[in-house]
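Asks: Pasting a predicted model and its sequence here:
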Amino acid sequence: MDNATMNTAAIKPLLGEAISDAATVAILGCGSPLRGDDAAGSLIALNLADLDTRSGGRARAFYGDVAPENLTGPIKQFAPELLLIIDAVNMSLEPGELRIISKDEVGGVSFSTHILPLPILMQYLESEIGCRTLLLGIQAADLEFLADMTPAVADAVDAITSALRELLA
């Protein structure tokens with residue numbers, strides 16, 4: 001998977017490539033709904049709450065909030081071939097820009113609100129389930145407590161939600 005930076009217009013083909021060979025896909029949306037742009041991943045998971053039904057059981061969304069490690073049991077039970085974690089991160093890009101990042105590349109990315117570091121969670125689930133893990137990072141702009149989501153990140157949330165609905169339904 002190429003880790004090139006993309007704007008929201010390019011997300012559908014790259015997500016399609018990432019999930020095309022997986023029979024089952026888990027979407028784990030992470031981030032604090034109380035910290036502006038950090039809510040992006042969690043909001044996508046909420047937007048995809050009906051994904052299990054819409055995909056005929058092929059895909060399921062999990063709301064990770066600030067402690068996605070609390071969902072390891074349900075994710076293991078679902079046993080996806082691919083776990084796609086979606087989170088707001090600091091990649092020194094423009095707000096709302098996106099990158100698909102492999103587990104091996106996650107170390108150079110900064111996360112803000114998680115109890116357990118995502119690379120450890122990714123490694124654990126890969127070893128327990130035998131799934132492939134990817135992170136879809138959304139460049140955040142404002143992570144202040146009780147801030148509103150910035151327009152660029154809100155646009156990214158809409159684009160990702162729409163692309164995943166279309167690709168997995």
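Replies: All right, it came through fine.
Asks: hey, let's count contacts and neighbours off CA atoms from now on
Replies: Noted.
Asks: Show me where this structure has its strands.
Replies: 25-30, 59-65, 82-89, 98-102, 132-139 (DSSP state E).
Asks: Direction included, what does the third one pair up with?
Replies: It refers to strand 82-89. Here strand 82-89 has these sheet partners by DSSP bridges: strand 25-30 (parallel), strand 132-139 (parallel).
Asks: Tell me which of these sits nearest to Leu14.
Replies: Among the strands paired with strand 82-89, the nearest to Leu14 by Cα to Cα is strand 132-139 (10.5 Å).
Asks: where in the protein is pLDDT low?
Replies: 1-8, 107-116 (pLDDT under 70).
Asks: Mind putting the strands of the chain into a markdown table with mean neighbour count and distance to Ala39?
Replies: Listed next are the strands of the chain as a markdown table, based on neighbours: other Cα atoms under 10 Å; distance: least, Cα to Cα, whole Å:
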| stretch | mean neighbour count | distance to Ala39 |
| --- | --- | --- |
| strand 25-30 | 27 | 7 |
| strand 59-65 | 25 | 8 |
| strand 82-89 | 27 | 7 |
| strand 98-102 | 23 | 15 |
| strand 132-139 | 24 | 11 |
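Asks: want to try CSV for those, with distance to Ala152 as columns?
Replies: Formatted as CSV, these follow (distance: least, Cα to Cα, whole Å):
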stretch, distance to Ala152
strand 25-30, 18
strand 59-65, 21
strand 82-89, 12
strand 98-102, 11
strand 132-139, 9
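Asks: if we can go back for a sec, possible to save the strands paired with strand 82-89 as JSON lines with distance to Pro117?
Replies: Listed next are the strands paired with strand 82-89 as JSON lines, based on distance: least, Cα to Cα, whole Å:
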{"stretch": "strand 25-30", "distance to Pro117": "12"}
{"stretch": "strand 132-139", "distance to Pro117": "12"}
